[in-house]
Every structure is written in structure tokens, then in C-alpha cells.
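> okay, predicted coordinates and the sequence, questions at the end:
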Amino acid sequence: MISEKQKKILAFPYSKFDLIICDGSVRSGKTSIMSVSFVNWAMENYSNQLFGLCGKTVDSCWKNLVIPLTSMTYIHERYSIKIKRAEKIVEIRNGEVTNYFEIFGGKDEGSAALIQGRTFAGVLLDEVALMPESFVNQALARCSVEGAKMWFSCNPDNPQHWFYVNWIQNAKARNALHLHFTMRDNPSLSEKTLERYESMYSGVFYKRYILGEWVAAEGLVYDFGEDNITDDIPDSGEYAVSVDYGTLNPFAACLWCWDGKTATMIREYYYSGRNEHANKTDEEYYVELGKLIGDLPVSAIVVDPSAANFIEVIKRHGKYKVRKAVNDVIPGIATVQRYLHDGTIKIHRSCKNCIREFGLYRWDEKSNEDKPIKDSDHVLDSLRYYTFTLLRRKVGKEPYIPLYERW
Ligand SMILES: Nc1ncnc2c1ncn2[C@@H]1O[C@H](COP(=O)(O)OP(=O)(O)OP(=O)(O)O)[C@@H](O)[C@H]1O
Ligand SMILES: [Mg+2]
């Protein structure tokens, strides 16, 4: 079954429009139907031509676009498909007609250079809002075969984003068919699945990825309340520490316990060299970490990746395993939001600085892109390092991978 909105994607090649833009919620049935429509159009109208299939990276394009497309029964019942992974080419044949679909990644340096040398009869750009504008303009410039069409899909971002301003708001002038999707436009999702996806996001990410709206990130970064605070300390579990390093700026370390279901921040250490009018040395901080940990068996200490010297100090002592934190800010924040929302993360009431920062940490509303104000973010950065580096690997895998983990 195909939804009414999806039928419009299938009808697009026969319309007066030169390009199609599908934006909206995650899992709303944009990419799958667009890729089918793209291949059908290419095979019906051209032979021996080159088409571009673009994702954020070459890898994400294989995973999110090419593999799902070429595994569809509908596609391999109609076409014979040859995948040349090393050459990044998918060759599709139907009787006498053969076309070539080359894979590109908007964020991959090599791809951007390669695309300049190509001549396309059409390109499909999946998750276009994650690509640089220069790559998209280059892809457009390469579509010089007569009758060439362009296909775009993305999830919403900030309303000041170049794709929203220059393409979506300009759709009419560009002769583009703009279709807005919500999860209800995907007929394959059951109520239960819809609810599960809805529970993965909150705050600005809920508005964008579930409601499909282009909204700015504003107000407090995290929706935090009494529900996220606990008075209990787990009896046992896997212990870990996360550190946001600072000498003049505050230094924040959190002690975590993962009991297989919940990660509790059980203690914190917070020191502001500026407020105390005295800086601590790395060795002194190391001693403080030891006091925070006590006798607990700690599996790893995750540290601010920019604190190379402090990482070295921990290593030299040879007592704890140390890891550089993964510092992807926005995916990290979205992951923390999700785990606060579904109760995976709890903060012990004694972690006063952490609770204080939750009430202060805000989005920078003057910025054109998602950016938190770098203030009152020390314990929260430490929390994010733990969550995005260690915790997300422990929480059970969902069959559907949220957008912010797909790249
Ligand atoms: N009409 C349909 N019938 C059966 N399955 C469908 C239909 N439309 C979409 N699906 C399936 O639903 C899932 C989500 O669809 P798709 O990947 O196209 O969504 P999307 O809008 O691109 O999502 P995202 O924004 O997360 O990339 C896929 O597994 C797809 O195969
Ligand atoms: Mg998609």
C-alpha cells in the first residue's frame, strides 16, 4: 500500500516540475519511495546515462539508500542489478536499457572533487540538509543532460538553514514540487511503532523529527525535572567516571553506576579555579578523582578529548583505563535528552552542580545553527561524554537507528 503523499512522489517525473523536495518527520516514507521513483524514471527515459545517488557520506548512502533500494522485491523483480562496491557504482539493467548510478557523499572531500567531473541526467540527494551547500550547488550544475531532474529529501533543521531558506522557501521560483511528510504518510507504521519513535525524541528534536517542523533550538537545552532526580544509589553495577576538564574554567567529574537498566550519576566533583582563586594542577585533580572513586571498581574514565595532558597523567598512573570522549555536540545532546526522557539516566539528589546547570544551560538563540551557550555546561558536558561515549553502547539496540546515530 502506498499513501496519497507517496503517490505524488511517483507522479512527479510526469509533472511540469524540475525538482522535488520531500522534507518532514523521520520514518515518514520519503527516501524509500523517492529512490524507487527515481530509478523507474531513469530507466523509462534514459539509457547509458549516469545518475548521482548522494548521501551525507558514501557509507551512509550505501546503508540508508542503496541497500534498502536494491533489496526491495519490487526493484529486483523488474531490473537486474550489479553492485560494484569498489567503484561505487550500481548498474541497473532492463532488457536493452542500462544506466549507471554512482554513489557520492556530500561530506566526503573526495566526493566533492569527483562530482565536478561528472555529467548527470539526474541526482538524488538524501538527507540534503546534512550536506554542504557547495556540494549541492555543484551537483545541480552537473545535471546537464536534457530533461534532467533533481530529487531531494531531508529532515527539518533550523529555519535559518541554507536549505530551508534557499530551496524550500524558494521552491516556486526554482520550479520545485515541495512535499511535506509526517509519519502518518508512511502506511507501514503501526500505532505501536509510531509511539516508540515518538518516545525517542524530546524538545526541539521532537518538533523536528516527529512533528516535522523547521524550528529553532530555543530556551533550555534539557527538559529536566523532579522525575530525573533519584534518592537511591544502586547497590552494585558497572562504575565509570566522566570528566570535563578546566583549569580556570570549572573542572567537573561525575561518577556513574550502570545497573543494566539505569545509569545513575551517584556523585560529582566540581572545582572552579576562578571562583576559588587558586588553580589545581593535573596531579591534584588526579588525587580528587581518586577521592571521588574511593574503592569502587571503575571500568573506564572518559575524558574531554581536548585535555591531552590530563589524559596522559591518568595513563601514567596506570590504575584506571582512560578513554577520549566522543564530542559530537548535537547528536550527544539528542541522546542525553532521549535518555532523560525515557528514564535511562537518573541524577542523584546530592549532585547539586549538575542539577543547577540543568536549570541554566540554554540554546544560543542568536545563532543561525544549533549551538548551546558555552556557559553552565561543565557537569553537563561531562554527562554528555559519558552518555555518548559509553552509555549508548550499553542501552539495548533499537531496530530503528535514530537519525543522529546514522552518520
Ligand atoms: N508504502 C510503504 N509500504 C511499506 N513500507 C514502507 C512504505 N513506505 C515506507 N516504508 C518503510 O518505512 C520505513 C521508513 O521509510 P523511509 O526510510 O522511506 O522514511 P524516511 O522518511 O526516509 O525516514 P528518515 O527521515 O528517517 O530517513 C522503511 O523501512 C520503508 O521501507
Ligand atoms: Mg530517509
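In hand now; what should we look at? Ligands and ions are numbered 1, 2, ... in the order given.
> what residues does the helix-or-strand element of the chain with minimal mean pLDDT touch?
None of the helices or strands of the chain scores lower by mean pLDDT, DSSP states H and E than helix 109-115, at a mean of 88. Under the contact criterion CB atoms under 8 Å, 6 or more residues apart in numbering, helix 109-115 has outside partners 52, 54, 58, 104, 105, 106, 132, 134, 135, 138, 139, 142. (Each C-beta comes from the backbone N, C-alpha and C, glycine too.)
> the same query, at a cut-off of 10 Å, please.
Residues outside helix 109-115 that contact it (CB atoms under 10 Å, 6 or more residues apart in numbering): 52, 54-55, 57-58, 61, 88, 102-106, 108, 123, 131-132, 134-135, 138-139, 141-142.
> do stretch 172-179 as well
For stretch 172-179, contacts defined as CB under 10 Å, 6+ apart pick out 5-6, 8-9, 11-12, 15-24, 30, 34, 140, 150, 152-153, 166-171, 185.
> ok, 6 Å please
The contact list for stretch 172-179, computed with CB atoms under 6 Å, 6 or more residues apart in numbering, reads 8, 12, 17, 18, 19, 20, 21, 22, 171.
> for stretch 38-51, same thing?
Outside stretch 38-51, the residues within contact range by CB under 6 Å, 6+ apart are 13, 94, 97, 99, 100, 101, 120, 121, 122, 124, 151.
> that one near ligand 1 anywhere?
No. Stretch 38-51 stays clear of ligand 1 (CB under 6 Å from any ligand atom), getting no nearer than 12.3 Å.
> and that stretch, how far from the chain's centre?
31 Å (CA atoms, centre = their mean, to the nearest Å).
> and if you look at stretch 201-213?
That offset, for stretch 201-213, works out to 13 Å (CA atoms, centre = their mean).
> what about it, near ligand 1?
No. Shown here: stretch 201-213 not in contact with ligand 1 (CB under 6 Å from any ligand atom), separated by at least 7.7 Å.
> state the mean pLDDT of that stretch.
Mean pLDDT, stretch 201-213: 92.
> end to end, how far does that stretch reach?
13 Å (CA to CA, to the nearest Å).
> with stretch 56-65 instead?
11 Å.
> pull out the buried positions in it.
Residues of stretch 56-65 classed as buried under the neighbour-count rule (16 or more other CB atoms under 10 Å) are 56, 57, 58, 60, 61, 62, 64, 65.
> ok, which of those also contact ligand 1?
Okay, of these, nothing touches ligand 1 (CB under 6 Å from any ligand atom).
> list just the nearest of these to ligand 1.
residue 64 (6.6 Å; CB to the nearest ligand atom).
> now, the contacts of helix 109-115 that are in helices?
Counting by DSSP state H, the part of the contacts of helix 109-115 found in helices is 58, 61, 134, 135, 138, 139, 141.
> distance to residue 157 and pLDDT added to those, as JSON lines?
Shown next, in JSON lines, are the ones in helices among the contacts of helix 109-115 (distance: CB to CB, whole Å; pLDDT from 0 to 100):
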{"residue": "58", "distance to residue 157": "22", "pLDDT": "94"}
{"residue": "61", "distance to residue 157": "19", "pLDDT": "94"}
{"residue": "134", "distance to residue 157": "17", "pLDDT": "94"}
{"residue": "135", "distance to residue 157": "16", "pLDDT": "95"}
{"residue": "138", "distance to residue 157": "20", "pLDDT": "95"}
{"residue": "139", "distance to residue 157": "19", "pLDDT": "95"}
{"residue": "141", "distance to residue 157": "23", "pLDDT": "95"}
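> is the residue nearest to residue 305 when sequence neighbours are not counted bridged to anything, and to what?
Nearest in space to residue 305, with sequence neighbours left out and distances taken as CB to CB, 6 or more residues apart in numbering, is residue 324 at 4.3 Å. Beta-bridge partners recorded for residue 324 (DSSP bridges): residue 303.
> residue 324 against residue 306, yeah?
No. Using CB atoms under 6 Å, residue 324 makes no contact with residue 306, being 9.1 Å away.
> the residue of the stretch 101-250 of the chain found nearest ligand 1: how many residues sit nearby?
Per CB to the nearest ligand atom, residue 188 is where the stretch 101-250 of the chain lies closest to ligand 1, at 3.3 Å. Residues near residue 188, counting by other CB atoms under 10 Å, number 11.
> residues in contact with the nearest residue to it once chain neighbours are set aside?
With CB to CB, 6+ apart as the criterion, residue 188 has its nearest non-adjacent residue at 7.3 Å, and that residue is residue 29. Residue 29 sits next to 6, 185, 186 when contact means CB under 6 Å, 6+ apart.
> so residue 164 is in contact with residue 213, correct?
No. Look at residue 164 against residue 213 with CB under 6 Å: they stay out of range, at 10.9 Å.
> the residue of the stretch 101-250 of the chain closest to ligand 1 - that's part of a strand, no?
No. Under DSSP: H, G, I helix; E, B strand; the rest coil, residue 188 sits outside any strand and is assigned coil.
> and the contacts of stretch 38-51, which are buried?
Neighbour counting by 16+ other CB under 10 Å classes 13, 97, 99, 100, 101, 120, 121, 122, 124, 151 among the contacts of stretch 38-51 as buried.
> which bits of the stretch 1-150 of the chain sit near ligand 1?
Selection of the stretch 1-150 of the chain residues close to ligand 1 by CB under 6 Å from any ligand atom yields 1, 2, 6, 26, 27, 28, 29, 30, 31, 32, 33.
> of those, grab the buried ones for ChimeraX.
Here is the ChimeraX command that selects the buried residues among those (16+ other CB under 10 Å):
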select :6,26,27,28,29,30,31,32,33
